[in-house]
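Asker: structure here, sequence nowhere to be found:
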């Protein structure tokens, strides 16, 4: 059973970066122990995974088993409800990793299937499926974007040396960094990072470009020519001087909670914050996970990654180390702060 | 061949903490593909590994092969030369991982064996053997102790929060920490660490206690009752007020290089420095390896582990990540700065 759901999850991942703010879903149909069809949700607005798998099938689905990592929908959205099609196709058994986290749906798809005589099992690879759709689960249940922080630092936590130089602290993070830019819907940096590095903030290892979000309260970048204002991707500025950006998309919010509320209203389900220290610190308490890249350097002094916050040893720290990966002579840490679902 | 040398290295490790300033050496004797005897150097002044293996043998060694991780000695020290005994026992072949790093000996043991018709192979598991005896190699060739730094810190490099609290940043490092205290001959801390934590600085997981070295330039601890002055182990103080310690072993050196010279003259081959930030920083440039324990905490502000040094991004950093190990929700990094031998 597990191997089929693993395949469904693998297929689901192929939609990464394309389906937002929809969930990542894959589906596998099995009959007599053999896979007879597969499908996944490819792009926002396209057919759901179950529908694709059913439509892809070349034989009768009667008596087959469907594996899908999220509860099938039972309501009319951009596409008609998947439950109807599952029933019509005479699939006799459905394995689901997790229920739809939307409290308005949660369990209703399962109910409809069961009322129609289909055997339904919920919970197969639940942890993996919750983790894969952590952005979707938070966005739906908390009505605010999922926030990830990305930092490249020395072994003693500095992102710049004491002369302010930060280029390049780490050298072996290209692939993971650009996978993150593909995974999250938007990327955010402060004006100082733009002034200092003039980054493109694009995804350069095959994924799609994230929406670029620039925090420029004081309008330091207004009317100027930086790569983030080119046409490679949509750019959203937050500034108190919106009139000065030659018609760029600009909003006046300055507090992190207000910025996140604005992003939610723009249907942006997730944001990867890449710095600098001041932006990372401002959003630290709103963040859900951290991506930390460590270089084999020790500065002793410099700009500390989260210099704008102050926490004490006796506080509760909710950081869980999810992954440690060696990158040549550097290493990468994925740290989870808030768990949505069960992982 | 490798499996016999691996066993020799494993046996060698059993002498950890007991043979200083001698090297860690194990020996395995093989005849017709079978191990017929083993031995290791158990304690400073005791027989060498080869001698023990030869004496332990219950059958004739004629035509056998000896595996030993360090070149056999050919001079009269505390015990007679091992080369004599090897020749006399009619061992016909010897595998050696590394030559004796002592430039006065280096290769002479091999020469004597070869001159006596014994087939000698040098270099089997050379990297592992150099690493195991890195302390010995540095002490012999550089005439100064091997220096290791141990730090427990947050993900952003702080050893204390901004209220000065540091107890306990990490919780899962007991075994590795106490193995380190057994591995290194001495342990060093500053007076402030003693004042704050009153540590025993003993090895509490089965090894022997290290020699305790306390840096108390200003005599803050003089005449007072701290655990480091108890009789569990030898304690050496460095202070400008040696007359005030009730006859404790005390020296007046204050600069790191002078302290290390004194330790060398005392035949102390290695020291593990456990803090605080000021001592770690003073000895940073003299250190050979770092043992970094990270807790899943982020303070933002506090006392940075190496706050007394200042390095810049464009400098050459010679830090090589040797080992990354997860310790429940924490992790441990072994970082090598200086390589002695070849590993």
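Answerer: Noted; the coordinates are in hand. The structure displayed is predicted, hence computed values, not measured ones.

Asker: thought residue A:273 was touching residue A:146?
Answerer: No. Using Cβ atoms under 8 Å, residue A:273 is not in contact with residue A:146; the gap is 11.2 Å. For every residue, glycine as well, the C-beta is placed using N, CA and C.

Asker: what about those two, which has more around it?
Answerer: Neighbours per residue, other Cβ atoms under 10 Å in any protein chain shown: of residue A:273 and residue A:146, the larger number sits with residue A:273, 28 against 24.

Asker: can you get me a residue count around residue A:75?
Answerer: Residue A:75 - counted by other Cβ under 10 Å - has 14 other residues nearby.

Asker: how near is it to residue A:104?
Answerer: To residue A:104, residue A:75 is 8 Å away according to Cβ to Cβ, to the nearest Å.

Asker: so what's residue A:103 scoring on pLDDT?
Answerer: pLDDT for residue A:103: 85.

Asker: quick one: secondary structure of the closest residue to it other than its chain neighbours?
Answerer: Nearest residue to residue A:103 in three dimensions, chain neighbours excluded: residue A:141, at 7.1 Å (Cβ to Cβ, 6 or more residues apart in numbering or on different chains). When classified by DSSP: H, G, I helix; E, B strand; the rest coil, residue A:141 comes out as helix.

Asker: pull the number of nearby residues for residue A:141.
Answerer: So residue A:141, with other Cβ under 10 Å, has 14 neighbours.

Asker: tell me the pLDDT at it?
Answerer: 96.

Asker: give me the nearest residue to the residue of the stretch 101-250 of chain A found nearest chain B, chain neighbours excluded.
Answerer: Residue nearest to chain B within the stretch 101-250 of chain A (Cβ to the nearest Cβ): residue A:157, separated by 3.0 Å. Excluding its sequence neighbours, the residue lying closest to residue A:157 (Cβ to Cβ, 6+ apart) is residue B:157, at 3.0 Å.

Asker: for residue A:203, same thing?
Answerer: Sequence neighbours aside, residue A:181 is the residue nearest to residue A:203 in space, at 4.1 Å (criterion: Cβ to Cβ, 6+ apart).

Asker: how about residue A:191?
Answerer: Residue A:191 sits nearest to residue A:216 (Cβ to Cβ, 6+ apart), 3.9 Å away.

Asker: where does pLDDT dip in the stretch 1-150 of chain A?
Answerer: For the stretch 1-150 of chain A, no stretch has pLDDT under 70.

Asker: sorry, back to before: the residue nearest to residue A:157 and residue B:301, how far apart?
Answerer: 11 Å.

Asker: the stretch 1-150 of chain A: helices as residue ranges?
Answerer: Ranges of helices in the stretch 1-150 of chain A, per DSSP state H, counting those that start in this stretch, are A:2-13, A:49-56, A:82-88, A:108-115, A:126-132, A:134-142.

Asker: which bits of the stretch 51-200 of chain A sit near chain B?
Answerer: Listed as neighbours of chain B in the stretch 51-200 of chain A under the rule Cβ under 8 Å from any Cβ of the partner chain: A:153-158, A:160-163, A:165-167, A:169.

Asker: just those: which are in helices?
Answerer: Members of those lying in helices (criterion: DSSP state H): none.

Asker: mark which of those are buried, thanks.
Answerer: Buried subset of those (neighbour count, 16 or more other Cβ atoms under 10 Å in any protein chain shown): A:153, A:154, A:155, A:156, A:157, A:158, A:160, A:161, A:165, A:166, A:169.

Asker: just send these back as CSV, with pLDDT too.
Answerer: Listed next are these as CSV, based on pLDDT from 0 to 100:
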residue, pLDDT
A:153, 98
A:154, 98
A:155, 98
A:156, 98
A:157, 98
A:158, 98
A:160, 96
A:161, 97
A:165, 94
A:166, 91
A:169, 93
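
Asker: can you list the residues you listed in TSV and add distance to residue B:316?
Answerer: Converted to TSV, those look like this (distance: Cβ to Cβ, whole Å):
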residue	distance to residue B:316
A:153	19
A:154	14
A:155	15
A:156	17
A:157	21
A:158	17
A:160	18
A:161	14
A:165	15
A:166	18
A:169	15
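
Asker: farthest pair within these?
Answerer: Maximum pairwise distance in those, criterion Cβ to Cβ, is 16.9 Å, between A:155 and A:165.

Asker: related to what we said a few turns ago, surely the residue of the stretch 101-250 of chain A closest to chain B touches residue B:159?
Answerer: No. Here residue A:157 does not reach residue B:159: they are 10.8 Å apart, not a contact under Cβ under 8 Å.

Asker: what sits in contact with each of these two?
Answerer: Among the neighbours of residue A:157, those also in contact with residue B:159 (Cβ atoms under 8 Å, 6 or more residues apart in numbering or on different chains) are B:153, B:304.

Asker: for the closest residue to residue A:106 other than its chain neighbours, give me its contacts.
Answerer: In this structure, residue A:106 finds its nearest non-sequential neighbour in residue A:99, 5.1 Å apart by Cβ to Cβ, 6+ apart. Residue A:99 makes contact with A:71, A:106, A:107, A:109, A:110, A:122, according to Cβ under 8 Å, 6+ apart.

Asker: TSV for those residues, including distance to residue A:26?
Answerer: Putting the contacts of residue A:99 into TSV (distance: Cβ to Cβ, whole Å) gives the following:
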residue	distance to residue A:26
A:71	14
A:106	20
A:107	21
A:109	16
A:110	18
A:122	16
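
Asker: now those: which count as buried?
Answerer: Using 16+ other Cβ under 10 Å as the burial test, these include A:71, A:109, A:110 as buried.

Asker: my understanding was that the last one contacts residue A:121; is that so?
Answerer: No. At 9.6 Å, residue A:110 does not count as touching residue A:121 under the criterion of Cβ under 8 Å.

Asker: which stretches of the stretch 151-300 of chain A have low pLDDT?
Answerer: Looking at the stretch 151-300 of chain A by pLDDT under 70, you get an empty list.
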